[in-house]
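Colleague: build me a model:
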Amino acid sequence: MRDIIVTEYGIADIKGKPDKEVIAAMINIADSRFQQKLLKQAKKAGKLPESYQIPEEYRNNYPEKIIEFVSGYQSQGIFQFFPFGTDLTPQEFDLGASLKMLKVLKETKPLKATGKVLAELIKPLPEKAIPYLKRMELDKTAGIGEKILQKTVVVALKHGKRV
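Modeller: Below is the predicted model of the structure:
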């Protein structure tokens, strides 16, 4: 049974609709980074006609648009990440967000992520990274393994624009 699908990009009312309309509605509210691949698969499977195009108003479903929209309200105290509070310090929150972003980079562009860590091995530690590294007990390293971990955290912080 399916009635309504909700994503961060919209809502699709699909109750009682044929497969063609359901699939089109789902693609319309999908992340635009994946829409063309989904559209191609649907057309290949004969679920959508070759002439179907994603309507213009659904072609900008990107995380950056959500962040841009929400950030204006967050400055007013609305749409907080933890609306009921948290025990995380701002530093821990920054570390978590940066490491998640690095994980995505590693999964989507593994060579680029590895290259950034290797390049960071010959650079000095950025001053702004030291409090984060102290929090993770990586400000002083013992051995190459810890050094690589340290530099990985630095890359994550840089990628997350924290340092």
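
Colleague: let me see the domain layout of this structure.
Modeller: 1-80, 90-159 (automatic domain parsing).

Colleague: what ranges do the helices span in the protein?
Modeller: All helices of the chain, identified by DSSP state H, fall at 19-28, 32-44, 63-74, 90-108, 110-120, 130-135, 144-159.

Colleague: which of these sits closest to residue 51?
Modeller: Nearest to residue 51, of all those, is helix 32-44, at 9.4 Å by CB to CB. Where you see a C-beta, it was placed from the backbone N, CA and C, and this is true even at glycine.

Colleague: now do that closest one: distance to the chain's middle.
Modeller: Put simply, helix 32-44 sits 20 Å off its chain's centre (CA atoms, centre = their mean, to the nearest Å).

Colleague: ditto for stretch 69-84
Modeller: 17 Å.

Colleague: would you mind pulling the contact partners of it?
Modeller: 88, 93 (CB atoms under 8 Å, 6 or more residues apart in numbering).

Colleague: buried stuff in it?
Modeller: Buried residues in stretch 69-84, counted by 16 or more other CB atoms under 10 Å: none are found.

Colleague: when you give positions from now on, start the count at 710
Modeller: In the new count, where the first residue is 710, that last one comes out as stretch 778-793.

Colleague: now it: mean pLDDT?
Modeller: Stretch 778-793 comes out with an average pLDDT of 85.

Colleague: what's the burial count for residue 850?
Modeller: The number of residues packed near residue 850 is 15, by other CB atoms under 10 Å.
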